[in-house]
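A structural model of the following input is requested.
(4 chains)
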Protein chains: 2
Amino acid sequence: MSALASRPAGLETRRAILDAALDLFSERSFDGASTRAIAELAGVTQPLLNYHFAGKEELWRAAVDDLFERFRTSMERRLSGLRGVDDVTIAKLMVRHFVEFSAANPQLHRIIMQESKRAGARLDWLVETHVRPLYENALAMFEHLAARGELGPVAPAHLYYLLTGAGATVFVMAPECERLTGVDPFAPEFVAAHADLVVDLLIRATTKEPV
Amino acid sequence: MSALASRPAGLETRRAILDAALDLFSERSFDGASTRAIAELAGVTQPLLNYHFAGKEELWRAAVDDLFERFRTSMERRLSGLRGVDDVTIAKLMVRHFVEFSAANPQLHRIIMQESKRAGARLDWLVETHVRPLYENALAMFEHLAARGELGPVAPAHLYYLLTGAGATVFVMAPECERLTGVDPFAPEFVAAHADLVVDLLIRATTKEPV
DNA sequence: ATTATATCTGATCGAACGATAAGATCCATC
DNA sequence: GATGGATCTTATCGTTCGATCAGATATAAT
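As a prediction, the model looks like this:
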């Protein structure tokens, strides 16, 4: 009756649909991505989306769930086995991993930015389900840095959007960057240099009292 | 025959349509903003949009033209009569004005970010018509700062997206910021503090060689 | 007052949208 | 190898989309 995906073929199809949905939702926004376009990119027919997912909205949530799950697990893997390392080094690693993940998966902030522009049910769900846990982690990181004297008296809301904006925007806007500057922001050297800058931004740019 | 807006009533209607179009295009993306919703917000009927503008695409371009024109004139007004002032102070004023304009007009970067995610005719037009001139100004500013020894050896593509991302993201994502942090980013004190941080980011965060 | 043109509305077109119904096909199990 | 549920397709529904057209209304010019 319902789509339990209990057979291998169903799981593969489901994954193909999720990948296609993530790409098109993040690139064209929720309204701009038609279910027919998603189905075509996934190599299936359009009504099959309604077999595997209850509707467009639930397909969107499933694709976003999948993306955030990958971000969470990759961050945990990156920080595992670092029990003895000091907070400043861990903070640098977290910021660097965030930038690198944003480069490898620009869909993350494309979707966040898309939905965050407008109040509504999708934003409510996104914030409470996925964004707030990340924000809490960031707050904890800021407090650790402040306790070590590495952070100036800057409110966390400023820091959070300064960091995420500085770290992710160039990858969100990669097509413009390429056309405007001739630089491919996904090139490994660019990603590494950008991560360095954002880490420096966190550690150094706020240590002195702003004007 | 064509919409020349030679009568006062036509000009007022045209302005109402442009304002409504800018709000909905920036908030809901090009596809998500229906011409009927724009017409309703402007207080007119839907076919009237096709009387004043050749089609949805041209309405979008007209609204974007209008917005960038306001940004350009406000920046020129801000920097006029500063002939004797040194380059560093001028650069700070430029960055501060950019942040303040982004707070007062979040539609600017909402539209840029929306279109910059995907290659296409709208992005091509946007970059060549409006974004590249702004980027050239930023490049000139970077060079002036570098000549004064106030800038580290950072490629302009990094600096440009670091600055615009750090300065505009919190206002683009204002609904999320409010819900996530409880802070209203449009409050004058928040805008001023954010502008201070971004100015500091430009002047200080890059003066030392990154790791 | 009449005319001409600018401005605006109601009706409606074909296309694309998300969703559903009915049935074909596949495959593990007995 | 027959059965039954899981998977997938074809056909099509009602709605909304951007656009067009014919005509109503308003206003400036004569």
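
Flag the shaky bits of chain A, pLDDT-wise.
With pLDDT under 70 as the threshold, chain A has low-confidence stretches at A:1-8, A:205-211.

what does it have sitting close to DNA strand C?
Counting by CB under 7 Å from any atom of the strand, the residues of chain A close to DNA strand C are A:7-9, A:33-37, A:46-47, A:50, A:55-57. Bear in mind the C-beta positions are built from the backbone N, C-alpha and C, glycine included.

one more time with 10 Å, if that's ok
The interface of chain A toward DNA strand C, taken as CB under 10 Å from any atom of the strand, is made up of A:6-10, A:24, A:28, A:30-40, A:45-51, A:53-60.

Can you tell me which of these are buried?
Burial by neighbour count, 16 or more other CB atoms under 10 Å in any protein chain shown: within the residues of chain A next to DNA strand C this picks out A:24, A:28, A:30-33, A:35, A:37-39, A:48-49, A:53, A:56, A:59-60.

which one of the residues you listed sits closest to residue B:142?
Distance to residue B:142, by CB to CB, is smallest for residue A:28 among these, at 33.0 Å.

you'd agree that closest one is up against residue B:120?
No: between residue A:28 and residue B:120 there is no contact under CB atoms under 8 Å: 10.0 Å.

Helices along chain A, start to end?
With DSSP state H applied, chain A shows helices at A:8-32, A:35-42, A:47-52, A:56-79, A:87-104, A:107-116, A:121-126, A:132-147, A:156-172, A:174-181, A:188-204, listed in chain order.

Mind putting these into JSON lines with distance to DNA strand D?
Conversion of the helices of chain A to JSON lines gives the following (distance: least, CB to the nearest atom of the strand, whole Å):
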{"stretch": "helix A:8-32", "distance to DNA strand D": "2"}
{"stretch": "helix A:35-42", "distance to DNA strand D": "8"}
{"stretch": "helix A:47-52", "distance to DNA strand D": "4"}
{"stretch": "helix A:56-79", "distance to DNA strand D": "12"}
{"stretch": "helix A:87-104", "distance to DNA strand D": "28"}
{"stretch": "helix A:107-116", "distance to DNA strand D": "17"}
{"stretch": "helix A:121-126", "distance to DNA strand D": "17"}
{"stretch": "helix A:132-147", "distance to DNA strand D": "31"}
{"stretch": "helix A:156-172", "distance to DNA strand D": "24"}
{"stretch": "helix A:174-181", "distance to DNA strand D": "23"}
{"stretch": "helix A:188-204", "distance to DNA strand D": "36"}
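
Tell me which of these sits nearest to residue B:144.
Taking CB to CB as the measure, the helices of chain A were each checked against residue B:144, and helix A:174-181 came out nearest at 18.7 Å.

could you give the angle of that closest one to helix B:132-147?
Between helix A:174-181 and helix B:132-147, the angle comes out at 70 degrees (axes from the mean of the first three to the mean of the last three CA atoms, to 10 degrees).

center of chain A, which residue is that?
To find the centre residue of chain A, average its C-alpha atoms and take the closest one (CA atoms, centre = their mean): that gives residue A:108, at 2.9 Å.

Report the contact partners of it.
A:26, A:67, A:68, A:71, A:101, A:102, A:168 (CB atoms under 8 Å, 6 or more residues apart in numbering or on different chains).

between the residues you listed, which is nearest residue A:14?
The shortest distance between residue A:14 and any of the contacts of residue A:108, using CB to CB, involves residue A:67 and amounts to 14.8 Å.

wait, doesn't that closest one sit right on residue A:104?
No: using CB under 8 Å as the test, residue A:67 is too far from residue A:104 to be in contact (11.4 Å).

of the two, who's got more company?
A direct count of neighbours by other CB atoms under 10 Å in any protein chain shown for residue A:67 and residue A:104 places residue A:67 higher, at 21 against 14.

what's the distance between the more buried one and DNA strand C?
19 Å (CB to the nearest atom of the strand, to the nearest Å).

Just the buried residues of stretch A:172-191, please?
By neighbour count on 16+ other CB under 10 Å, the buried set for stretch A:172-191 is A:172-181, A:183, A:185, A:190-191.

now, the most widely separated pair of the residues you listed?
Taking CB to CB, the two most distant members of those are A:179 and A:191; they sit 18.6 Å apart.

ok, residue A:194 to residue A:187 distance?
When CB to CB, to the nearest Å is applied, the distance between residue A:194 and residue A:187 equals 10 Å.

related to what we said a few turns ago, so which of the buried ones among the residues of chain A next to DNA strand C comes closest to residue B:116?
residue A:28 (12.9 Å).

quick one, what contacts the closest one?
Remark: with contacts taken as CB under 8 Å, 6+ apart, residue A:28 is in contact with A:37, B:29, B:31, B:118.

Go ahead and confirm residue A:191 touches residue A:100.
Yes: Residue A:191 is within contact range of residue A:100, at 6.1 Å (criterion: CB under 8 Å).

and stretch A:109-116, is it in reach of chain B?
Yes: Stretch A:109-116 is in contact with chain B by CB under 8 Å from any CB of the partner chain, via A:110, A:112, A:113, A:114, A:115, A:116.

hmm, who's touching that stretch?
Under the contact criterion CB under 8 Å, 6+ apart, stretch A:109-116 has outside partners A:22, A:25-27, A:29-30, A:64, A:67, A:102, A:122-123, A:126, A:131, A:164, A:168-169, A:171-172, B:29, B:113-114, B:117, B:169, B:172-177.

Surely residue A:124 and residue B:179 touch.
Yes: using CB under 8 Å, residue A:124 makes contact with residue B:179 at a distance of 7.3 Å.

Phi, psi for residue A:119 please.
With angles defined as degrees, to the nearest 10, residue A:119 sits at phi -60, psi 150.
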